[in-house]
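Engineer: Curious how this folds, go ahead:
(one chain, ligands or ions: 2)
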Amino acid sequence: MPFITLEGIDGAGKSTHLPWLADKLRARGVEVVVTREPGGTPLGEKLRELLLAEPMHVETEALLMFAARREHLDCVILPALRRGAYVISDRFTDASFAYQCGGRGIAESRLRILEDWVQDGLQPDLTLLFDVEVAVAGKRLATNASLDRFEQQQQDFFERVRAMYLQRAGQFPARFRVVRSERSLDEIRDDLEPIIAAI
Ligand SMILES: Nc1ncnc2c1ncn2[C@@H]1O[C@H](COP(=O)(O)OP(=O)(O)O)[C@@H](O)[C@H]1O
Ligand SMILES: Cc1cn([C@H]2C[C@H](O)[C@@H](COP(=O)(O)OP(=O)(O)O)O2)c(=O)[nH]c1=O
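Structural biologist: Ligands and ions are numbered 1, 2, ... in the order given. Below you'll find the predicted structure:
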């Protein structure tokens, strides 16, 4: 069954669209598992707390993202796909390439090793990239009372993250759909409707 991932820089609108998307799919009468990364399992959520708050070496950060992902695949994603459920994950491995390679500067070849190891060939069937200008996303986040270790990064970090996401969308056109996300929620949903109808 389809494995769908939502990606984009912080403030792009992923979490806002996710419940709507899940309801659309549930209306078909199928089981829909909604999950997120880093996290999605009890251990993964503990790793998430560390990743969002604790200063650490950039490679430690990458390794912990993939450790959480290994657990997530084993406990949540693979069992759900095997029993015929749809899985929607708020972020997956494209986020590691965008943030740890694009943002932090780790070589993509390093992450590809982890990707092969942890995923053993599994890729999302559909990746929705909510693409938004960094300044617009920044303004949306500015209303948040507390920002985590990633959200506190400067504009140039998010420009690199965004560029890497767009690069990957160009590299893997079969599974990526880029959704322009500066617009109103209704306009974005109009774009999402046919994409969802096709899966
Ligand atoms: N299209 C939009 N127009 C205006 N505000 C939006 C839009 N999409 C999301 N927001 C707001 O921006 C903030 C960040 O959105 P969120 O969905 O949490 O982003 P993400 O999960 O991608 O980090 C939230 O306050 C949300 O209400
Ligand atoms: C999955 C993943 C997330 N991240 C980062 C991106 C986000 O800033 C942060 C948490 O993601 P997210 O849950 O989208 O944050 P929020 O709900 O606060 O918008 O983790 C990585 O750096 N690498 C990864 O592989």
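Engineer: from what I can see residue 15 touches residue 88, true?
Structural biologist: No. Contact between residue 15 and residue 88 fails when scored by CB atoms under 8 Å: they sit 11.4 Å apart. Backbone N, C-alpha and C define where each C-beta goes, glycine included.
Engineer: neighbour count winner among those two?
Structural biologist: Ranked by neighbour count (other CB atoms under 10 Å), residue 15 and residue 88 place residue 88 first, with 23 against 15.
Engineer: Mind listing what's buried along whichever strand or helix holds residue 188?
Structural biologist: According to DSSP states H and E, residue 188 maps onto helix 185-197. Neighbour-count burial for helix 185-197 flags 188, 189, 191, 192, 196 (criterion: 16 or more other CB atoms under 10 Å).
Engineer: Which of the helices or strands spans the nearest residue to the last one once chain neighbours are set aside?
Structural biologist: Distances taken as CB to CB, 6 or more residues apart in numbering put residue 24 closest to residue 196, at 5.5 Å, once the chain neighbours are dropped. Residue 24 is located in helix 14-26, with elements delineated by DSSP H and E.
Engineer: Now tell me what touches that helix from outside.
Structural biologist: Outside helix 14-26, the residues that touch it by CB atoms under 8 Å, 6 or more residues apart in numbering are 4, 6-8, 32, 34, 86, 88, 90-91, 128, 130, 185, 188-189, 192, 196.
Engineer: what's the angle from that helix to helix 185-197?
Structural biologist: Here the directions of helix 14-26 and helix 185-197 differ by 50 degrees (axes from the mean of the first three to the mean of the last three CA atoms, to 10 degrees).
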